[in-house]
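**Student:** 3D, please:
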Amino acid sequence: MTYKHIYIYNLIHLSTTIPSKIGVNYGQLGDNLPSPSQSIELIKSMKAGRVKLYDANPEILNLLSGTKIQVSIMVPNQEISNISSNQTLADQWVRDNVLSYYPQTMIRFIVVGNEVLSYYSDRDRETWSNLVPAMRRIKKSLQANNIPNIKVGTSVAMDVMESSFPPSSGMFRSDILDTVMVPLLEFLSGTNSFFFLDVYPYLAWSANPSNISLDYALFRDGNLNYTDPISNLTYTNLLDEMLDSVIFAMEKLGYPNIRLLISETGWPNAGDVDQPGANVYNAALYNQNLIKKMTAKPAVGTPARPGMTIPTFIFALYNENQKRGPGTERHWGLLDCNGKPVYGVDLTGEQESNDDQLPMPQNNKPYQGKIWCVVASEVNPEQLVSALIYACSQGNGTCDALMPGKECYEPFSLLSHASYAFSSYWAKFRSLGANCYFNGLAVQTTEDPSRGSCKFPTVTL
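**Tutor:** A predicted model of the protein is given here:
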């Protein structure tokens, strides 16, 4: 039997032992979300096969006891370095967060850190070097307790890639290649674990909408395809391209057999003015087509790994109103903060989609025009003062027009000055990554807030 035949046999065998049920990411960054007990009932009613937590919340793990839902728990980023150098701490973490609930709660995955390799401070880089040692210690503790069926991994975003297009050119970043990725792949291969990948076609498409078809990103047009000029593999959707770029990157390092697990994917149901394609219609279409692909029997896999089952967690269960950043960050949920579906989605993949009943998208093309950043409605004045001080303290003449005698000093009001400061700050620093959010105090608008000789700075797209 040739290596290729053995590889294909192994893939088929593994695919038959991995359930294809869809999972959901249960985040809690909201001040208006249903309780954990209500949330677990909602997850069960949605027929989710798995749930991924961003911690090891005791209440939630107890609520999942006796259910048939497979669970993924997480070692927080800030605990990685201590665990990496201390087996006693690793043993204690496993005792507190696994043995206290297992096997009644079906813990099946431990994710050590969340997108650790996407942060670049000196302290973060220290965590990079401690990541795999921490994973080894957690795994050692599981083995000492005779628990072989919990897989240990770490979730990474697509920014671990130095090259991803065409897929066959897939290569990991040079700054992590030898120091992190090779030891990581060695660990995953040696423990028969998964490469946990957070992969978002929306982010790839929205960054380059003029060169990537939206239908291609949404799995929508079977006639649209791309053939990799090196591998000669043909692609019909953007997700497969992204997944295969990681597969090729692993193969280049000598690890062709490590299985993929999609730890996060999804599509935002709303966003800011400057975030095209973020709407309910596209979110429903992407997730329903994703579910259909990932639950297909026999398994579909990807062009580089046909027939491979890929465990998949959709991001996210809820729209979470306390997530920082641009508007899409707070609008990835299958459910709204009241527990009601944002749109209908069948996690089992058995029902046909009802996208004909959804509102047609109005923002699939990038907005062209001017946008301002102003104070949102019903904000806390004390918080607004702090945000105003912050915006004006960043320099670059951000608030010069608000000085006494200047064109925007009048009317002398907190709301007026804060709106000007927000618009000015965003216009000056957007190219450096600034957004119009200010901890929920600001919103984008296409209506010019300027008055008389006071002209508000604007972002022009």
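**Student:** Enumerate every residue touching Y102.
**Tutor:** Shown in contact with Y102 (Cβ atoms under 8 Å, 6 or more residues apart in numbering): 147, 150. (C-beta placed from N, C-alpha, C; glycine too.)
**Student:** any idea how far it lies from V342?
**Tutor:** 33 Å (Cβ to Cβ, to the nearest Å).
**Student:** Same check on G307?
**Tutor:** Separation of G307 from V342 (Cβ to Cβ) stands at 33 Å.
**Student:** can you check Y54 too?
**Tutor:** From Y54 across to V342, the span is 20 Å (Cβ to Cβ).
**Student:** Of G307 and V342, which one has the most company?
**Tutor:** Legend: neighbour count by other Cβ atoms under 10 Å for G307 and V342, higher for V342 (18 against 15).
**Student:** So what's the residue count around L53?
**Tutor:** L53: 20 surrounding residues under other Cβ under 10 Å.
**Student:** wait, Y26
**Tutor:** Neighbours of Y26 under the rule other Cβ under 10 Å: 25.
**Student:** residues contacting it?
**Tutor:** By Cβ under 8 Å, 6+ apart, the residues touching Y26 are 39, 43, 51-54, 60, 316-318.
**Student:** Go again with 6 Å.
**Tutor:** Contacts for Y26 (Cβ atoms under 6 Å, 6 or more residues apart in numbering) come out as 51, 53, 317.
**Student:** For the second one, what are phi and psi?
**Tutor:** So the one you mean is L53. phi -100, psi 160 (degrees, to the nearest 10).
**Student:** Nearest residue to K52 in space, ignoring adjacent ones along the chain?
**Tutor:** S72 (4.0 Å; Cβ to Cβ, 6 or more residues apart in numbering).
**Student:** Now that neighbour: which helix or strand?
**Tutor:** Here S72, judged by DSSP states H and E, is contained in strand 70-75.
**Student:** With D124 instead?
**Tutor:** Here D124, judged by DSSP H and E, is contained in helix 122-144.
**Student:** Go ahead and name everything in contact with that helix.
**Tutor:** Residues outside helix 122-144 that contact it (Cβ under 6 Å, 6+ apart): 80-81, 83-84, 87, 90-91, 94, 110, 112, 116, 150, 152, 154, 180, 183-184, 187, 191.
**Student:** Mark which of those residues are part of helices, please.
**Tutor:** 80-81, 83-84, 87, 90-91, 94, 183-184, 187 (DSSP state H).
**Student:** which among the residues you listed gets closest to P166?
**Tutor:** The shortest approach to P166 among these belongs to L184, at 24.0 Å (Cβ to Cβ).
**Student:** Can you tell me, leaving aside adjacent residues, what's nearest to that closest one?
**Tutor:** Nearest residue to L184, sequence neighbours excluded (Cβ to Cβ, 6+ apart): V132, at 5.4 Å.
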